[in-house]
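Q: could you work out the structure for the sequence below:
(one chain, ligands or ions: 3)
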Amino acid sequence: MESLISCRTRPIFFLFFNLYFLSLLFTAITAIQNPSSSSSSIISRFQEYLRINTAQPNPNYYVAADFILSQAKSLSLESQTIEFVKNKPLILIKWPGKNPNLPSVLLNSHTDVVPVESQKWIHDPFGAHIDSQGNIYARGSQDMKCVGLQYLEAIRKLKDSGFEPTRTIYLSFVPDEEIGGHDGVEKLAESDVYKKMNVAFVLDEGLASPGEKYRAFYAERSPMWTVIKATGAPGHGAKLYDNTAMENLLKSIEIIRRFRASQFDMVKAGLKAEGEVVSVNMVFLKAGTQTPTGFVMNLQPSEAEAGFDIRVPPTADQEALLKRIAEEWAPASRNMTFEYGQFKQKQSVLDNFGNPALTAADNSNPWWVLLEEAVRSAGAQLEKPEIFPASTDCRYFRRQGLPAIGFSPMANTPILLHDHNEFLNQAEYLKGVDIYVSIIKAYASYDEHAEATKESSSRDEL
Ligand SMILES: CSCC[C@H](NC(C)=O)C(=O)O
Ligand SMILES: [Zn+2]
Ligand SMILES: [Zn+2]
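A: Ligands and ions are numbered 1, 2, ... in the order given. I've put the predicted structure just below:
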């Protein structure tokens, strides 16, 4: 010890040692006084939420609702359960601000998760197992039960510290995001309840970031789930002839693959970000004549179809894409037809058309500035804002003309939403809670009228 610490550095060493010791003591005292705020309790509650199987198509919504309501109760927050659609509860939680005239901020999260192939996971997808590295394995650990509960944990910490919001903060826990949000946020955003909430800004889900910085999303691509169908002449499996359904479909698939490659090449070359190109992925192929003993091998079928998950950035020429589908990907001249799943009508396909699909992510938007500052003051940083490559409930709020940002504080984390072995490290989860403490504090304290008065009086002084 003597040789490691010189006489000059010894006082500094002991100062740091004492400070470290005091901080440990403080943490221990806080945990004893309020055990519910300890890291292990925060992680246990996350595990509890993850263990509720809310996978589509049969989510245990009521079990999740009971859990969320119990959390709200433990925080003495006002809550209500709304069923815009029977058996699809939406939980609305309110943390009232001291100034009810100020518009509120809404923190949204969905309670459903996508289905799993359990046998392909290394841990039970609804077990919330924590491995030796602290990774918590569960469906929903990234998408997006983490965010929903982090909001609540951040409020717990703020309340424990005695903080009181100036502006009202709402939390919504909504059903059915993974299947389009029609019976969830879409109904909420059109409701009277929502109008009365007087929301000025929405935070919703983002994506994990493999790097150090968090990602934030100011817009998203529109889903255009398209099925193309080919018909053709049936015939003997040994015969070579033109205009079979399979041949017609394959020609389209080749054309679509070329288009896909042209878009992907721009991303690979670093010319465009993932959210700035049109993505097209074939997600199913259906053809052949089936009997109870299997497919018939010596018969060329008269019908064949393929499904594509297409995502269109708000900046893309959507009319041109629709024309391309009709004229090149599924032309009537090649006995092809097409249909849009998810969004049946043409107008809905273009749901970003004419709507404020992009939220300003610059100094013109105080909510963006507050987010950046809050993340920075919590010791972290944001990447350049991006277009979300998939879809979120944000689109329903943006459609109402509201600014909405997608943000899930998960840095140093592989992107595993909808993948096998989805996990989130517990240290990252805890860090995310502190990030929300900073964000919620900033949003709940922001008073644009007071800011304007401050500005005008400082101008007067000049
Ligand atoms: C179109 S509704 C489905 C929503 C889902 N959201 C995410 C984030 O995966 C998706 O983009 O597929
Ligand atoms: Zn999600
Ligand atoms: Zn999802």
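Q: now do the nearest residue to residue 238 once chain neighbours are set aside, the pLDDT please.
A: The shortest distance from residue 238 to any residue that is not its chain neighbour, by CB to CB, 6 or more residues apart in numbering, is 6.6 Å, and that residue is residue 298. No exception for glycine: its C-beta is placed from N, CA and C like everyone else's. Note on residue 298: pLDDT of 97.
Q: same question, residue 222
A: For residue 222, pLDDT reads 85.
Q: is it true that it touches residue 315?
A: No. Under the criterion of CB atoms under 8 Å, residue 222 is not in contact with residue 315, lying 11.1 Å apart.
Q: between these two, point out the one with more neighbours.
A: residue 222 (24 against 15; other CB atoms under 10 Å).
Q: from ligand 2, how far off is the closest residue to the more buried one other than its chain neighbours?
A: What sits nearest to residue 222 in space, not counting adjacent residues and going by CB to CB, 6+ apart, is residue 312, at 4.8 Å. Summarising the geometry, the distance separating residue 312 from ligand 2, computed by CB to the ion, to the nearest Å, is 19 Å.
Q: what's the local residue count around residue 312?
A: There are 22 residues near residue 312, going by other CB under 10 Å.
Q: contacting residues around it?
A: 221-222, 224, 278, 318, 321, 352 (CB atoms under 8 Å, 6 or more residues apart in numbering).
Q: just the ones in helices from the residues you listed, please.
A: If you go by DSSP state H, the contacts of residue 312 have 318, 321 in helices.
Q: ok, of the contacts of residue 312, which come out buried?
A: A residue is treated as buried here by neighbour count (16 or more other CB atoms under 10 Å); on that basis the buried members of the contacts of residue 312 are 221-222, 224, 278, 318, 321, 352.
Q: looking at these, which one is closest to ligand 2?
A: Of all the buried ones among the contacts of residue 312, the one with the least separation from ligand 2 (CB to the ion) is residue 221, at 14.2 Å.
Q: hang on, that closest one packs against residue 280?
A: No. Judged on CB under 8 Å, residue 221 makes no contact with residue 280 at a distance of 11.4 Å.
Q: what strand or helix carries residue 62?
A: helix 61-74 (DSSP states H and E).
Q: avg pLDDT for that helix?
A: Regarding helix 61-74, the rounded mean pLDDT is 98.
Q: give me the distance between it and the centre of its chain.
A: Its chain's C-alpha centre lies 21 Å from the corresponding centre of helix 61-74 when counted by CA atoms, centre = their mean, to the nearest Å.
Q: run through who's touching that helix.
A: Helix 61-74 is contacted by residues 36, 45, 48-49, 52, 54, 78-79, 81, 87-89, 91, 93, 111-112, 148-149, 152, 173, 175 when judged by CB under 8 Å, 6+ apart.
Q: which of the residues you listed count as buried?
A: The neighbour-count test (16+ other CB under 10 Å) marks 45, 49, 52, 54, 79, 88-89, 91, 93, 111-112, 148-149, 152, 173, 175 as buried among those.
Q: can you pull the residues of the stretch 151-300 of the chain lying near ligand 1?
A: 177-178, 180, 223 (CB under 6 Å from any ligand atom).
Q: thinking again about what came up before, of the buried ones among the contacts of helix 61-74, which belong to strands?
A: Counting by DSSP state E, the members of the buried ones among the contacts of helix 61-74 that fall within strands are 79, 91, 93, 173.
Q: looking at the residues you listed, which is nearest ligand 1?
A: For those, the residue nearest ligand 1 by CB to the nearest ligand atom is residue 173; the value is 15.9 Å.
Q: quick one: contacts for the closest one?
A: Contact criterion CB under 8 Å, 6+ apart gives 64-65, 68, 90-91, 93, 109-111, 148 as the residues in contact with residue 173.
Q: tell me which two in those are the farthest apart.
A: 93 and 110 (14.5 Å; CB to CB).
Q: quick check: residue 162 vs residue 441, distance?
A: Taking CB to CB, to the nearest Å as the measure, residue 162 and residue 441 are separated by 12 Å.
Q: more crowded one of the two?
A: A count of neighbours by other CB under 10 Å puts residue 441 above the other of residue 162 and residue 441, at 20 against 6.
Q: could you confirm the more buried one falls within a helix?
A: Yes. Inclusion of residue 441 in a helix is indicated when DSSP: H, G, I helix; E, B strand; the rest coil is applied.
Q: show me the contacts for it.
A: Residue 441 sits in contact with 158, 163, 374, where contact means CB under 8 Å, 6+ apart.
Q: picking up where we left off before, what's the lowest-pLDDT member of the residues of the stretch 151-300 of the chain next to ligand 1?
A: Minimum pLDDT for those is recorded at residue 223 (86).
Q: thought residue 391 was touching it, still the case?
A: Yes. In this structure residue 223 lies within contact range of residue 391 using CB under 8 Å: 5.0 Å.
Q: please identify every residue contacting each of these two.
A: residue 311.
Q: need the strands for the stretch 251-400 of the chain, in chain order.
A: Under the criterion DSSP state E, counting those that start in this stretch, the stretch 251-400 of the chain carries strands at the ranges 279-287, 290-291, 294-295, 299-300, 303-312, 336-340, 386-388.
Q: out of those strands, which one sits most buried?
A: For those, the largest average neighbour count (mean count of other CB atoms under 10 Å) is found in strand 386-388, namely a mean of 22.
Q: for that strand, packing partners?
A: Contacts defined by 3 or more CB pairs under 8 Å, 6 or more residues apart in numbering; DSSP states H and E place strand 386-388 against strand 216-220.
Q: related to what we said a few turns ago, distance to residue 184 for the strands of the stretch 251-400 of the chain - can I get that in JSON lines?
A: Shown next, in JSON lines, are these (distance: least, CB to CB, whole Å):
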{"stretch": "strand 279-287", "distance to residue 184": "23"}
{"stretch": "strand 290-291", "distance to residue 184": "36"}
{"stretch": "strand 294-295", "distance to residue 184": "39"}
{"stretch": "strand 299-300", "distance to residue 184": "44"}
{"stretch": "strand 303-312", "distance to residue 184": "20"}
{"stretch": "strand 336-340", "distance to residue 184": "21"}
{"stretch": "strand 386-388", "distance to residue 184": "18"}
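Q: most neighbours, which of the contacts of residue 441?
A: Going by other CB under 10 Å, residue 158 tops these with 21 neighbours.
Q: name the nearest of the buried ones among the contacts of residue 312 relative to residue 381.
A: Proximity of these to residue 381 (CB to CB) peaks at residue 221, which lies at 24.9 Å.
Q: which residues does the nearest residue to that closest one once chain neighbours are set aside bridge with?
A: Taking CB to CB, 6+ apart, and ignoring the residues beside it in sequence, residue 221 has residue 311 as its nearest neighbour in space, at 3.8 Å. In this entry, residue 311 is beta-bridged to residue 223, residue 279, by DSSP bridges.
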